[in-house]
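J.: Give me coordinates for this.
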Amino acid sequence: MQKKNMKQPNLIAKTNNSLREAFGKSITYLAKNNKKIIVLDADLAGGTGCHHFLKKYPNRFLQCGIAEQNMFSLAAGISSMGFIPIATTFAVFALRAFEQARLSISYSNLNVKIVASHGGLDVGPDGASAQCIEDLACFRSLPNFVVLSPSDENEMFQATKEMIKHKGPVYMRTGRSNIGSIYKNNYKFKIGKAHILNHGKNVCIFSTGMQTPIAYEALLDLKKKGVNPTLVSVPTIKPLDTKLIKRLAKKNKYFISFEDHNVIGGLGSAISDVISQGNFVKLTKIGIKDEIGRSGEAMELKKKYKIDKSFLIKEVLKSSR
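T.: Residues are numbered from 1 along each chain as shown. The predicted model follows:
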């Protein structure tokens, strides 16, 4: 079934929606048949996509104000009463409440979902203070937490649905910019599973989140040059699909990780943990090189910090020689 789906990726021109809007519409749709879903907001509903939920279900929408620490603790309490609280904010503000995520949610293994938009350099003009490049690393380090980073609208809907079904804490990253579409409607998301978008040889690219549509565009350009790398989409950072990574390590000479996140602690580091345990293959991490961002348009910043399509193509060509 996976191969059938993956043979028909559906990359199209940029859509009119972002991942944050896709999440807002998804949770609103799912809440119709699940009365336990409650959304908590930190005065950012317009920026997280939750304005859709507020309009449809105002009685299940809790405005916590600019008080993320209180919001996470409140979500923990609501969870203990049998509800499914969805705490929403920007990624950088989720880190402000990291202590509460650790003690109030992770420690007690409560059924709280944290959904954060505006991760990485994709934040763009808001600048370094708002560009959270550490969130995946931080929440990946918390026991009991599942960490998700979907890549397109369809996957966001599927991931949101599975997040609600999962019993336990989840951190999910959305995104600010409009994106392309990869998956057809018959795509099935499963927590802990990565997906091969293209079967190639020698070089294997692992991408996550909003970098996956960029990686797919790079793949199309590489094929025109006669280079055919394997491309794997990794929407679940934790638990990682270690079986697939080990299998691909036996078939490829080079791995490349591709993420809008610090090279320390994110997808590349998670893959490194796997291949360092006897599954040896050379890994190149394409991400933010442990430095602070700056203000600018998202794609301009990605080019400056070398996490864009052109740099990925160069690295693949270098590894293919």
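J.: hang on, Leu301 packs against Ile292?
T.: No. With contact defined as C-beta atoms under 8 Å, Leu301 does not count as touching Ile292 (11.6 Å). The way it works is simple: take the backbone N, C-alpha and C, and place the C-beta from them, glycine included.
J.: Of these two, give the one with the bigger neighbour count.
T.: In terms of neighbours (other C-beta atoms under 10 Å), Leu301 is the more surrounded of Leu301 and Ile292; the figures are 24 against 10.
J.: Contacts for stretch 278-293 next, please.
T.: Stretch 278-293 has contacts (C-beta atoms under 8 Å, 6 or more residues apart in numbering) with 120-121, 123, 127-128, 131, 133, 245-246, 249-250, 252-264, 266-269, 271-272, 275, 301, 305-307, 311-312, 315, 319.
J.: tell me the phi and psi of the residue sitting nearest the centre point of the chain?
T.: The residue lying closest to the centre of the chain (C-alpha atoms, centre = their mean) is Ser149, at 1.5 Å. Main-chain dihedrals, Ser149, degrees, to the nearest 10: phi -150, psi 80.
J.: Just the pLDDT for it.
T.: Listed pLDDT for Ser149 reads 98.
J.: what's around the closest residue to it other than its chain neighbours, how many residues?
T.: Spatial nearest neighbour of Ser149, excluding adjacent residues (C-beta to C-beta, 6 or more residues apart in numbering): Gly209 at 3.9 Å. Gly209 has 32 neighbours, counted by other C-beta under 10 Å.
J.: What segments of the chain are strands?
T.: 37-41, 61-63, 84-90, 113-117, 146-148, 170-173, 195-198, 202-207, 230-233, 236-238, 252-262, 282-288 (DSSP state E).
J.: Show me what the fourth one pairs with in its sheet, parallel or antiparallel.
T.: Put plainly, it is strand 113-117. Here strand 113-117 is paired, per DSSP bridges, with strand 84-90 (parallel), strand 170-173 (parallel).
J.: List every C-alpha atom in the longest one, with coordinates, as PDB.
T.: Just to be clear, that refers to strand 84-90. This file holds the C-alpha atoms of strand 84-90, laid out as PDB (Å, rounded to 0.1, in the frame of the first residue of the first chain):
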ATOM      1  CA  ILE A  84      -8.200  16.400  25.100                       C
ATOM      2  CA  PRO A  85      -6.700  19.900  25.400                       C
ATOM      3  CA  ILE A  86      -4.900  21.400  22.400                       C
ATOM      4  CA  ALA A  87      -2.500  24.100  23.600                       C
ATOM      5  CA  THR A  88      -1.600  26.400  20.700                       C
ATOM      6  CA  THR A  89       1.000  29.100  20.300                       C
ATOM      7  CA  PHE A  90       4.200  30.100  18.400                       C
END
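J.: how about Phe189, what does it touch?
T.: 150, 155, 158-159, 161-162, 235.
J.: Now do stretch 173-188: distance from first to last residue.
T.: With C-alpha to C-alpha, to the nearest Å as the measure, stretch 173-188 spans 19 Å from end to end.
J.: again but with stretch 219-230, I slipped
T.: End residues of stretch 219-230 are separated by 9 Å (C-alpha to C-alpha).
J.: quick one: contacts of that stretch?
T.: The contact list for stretch 219-230 (C-beta under 8 Å, 6+ apart) reads 11, 196-205, 231, 248, 251-252, 256, 309, 313, 316-317, 320.
J.: which parts of it are buried?
T.: The neighbour-count check on stretch 219-230 (16 or more other C-beta atoms under 10 Å) flags 219, 222, 227-230 as buried.
J.: same thing with stretch 261-270?
T.: Across stretch 261-270, burial judged by 16+ other C-beta under 10 Å covers 261-263, 265-270.
J.: what does that stretch rub up against?
T.: Stretch 261-270 has contacts (C-beta under 8 Å, 6+ apart) with 119-120, 133-138, 140-141, 149, 206-208, 234, 237-238, 240, 257-259, 283, 285-290.
J.: Now which of those residues would you call buried?
T.: Buried among the contacts of stretch 261-270 by 16+ other C-beta under 10 Å: 119-120, 133-138, 140, 149, 206-208, 234, 237-238, 240, 257-259, 283, 285-288.
J.: For this protein, which segments count as helices?
T.: Along the chain, the stretches classed as helices by DSSP state H are 2-6, 19-31, 45-48, 51-56, 68-79, 91-96, 98-100, 135-140, 153-165, 211-224, 242-249, 267-275, 298-304, 309-320.
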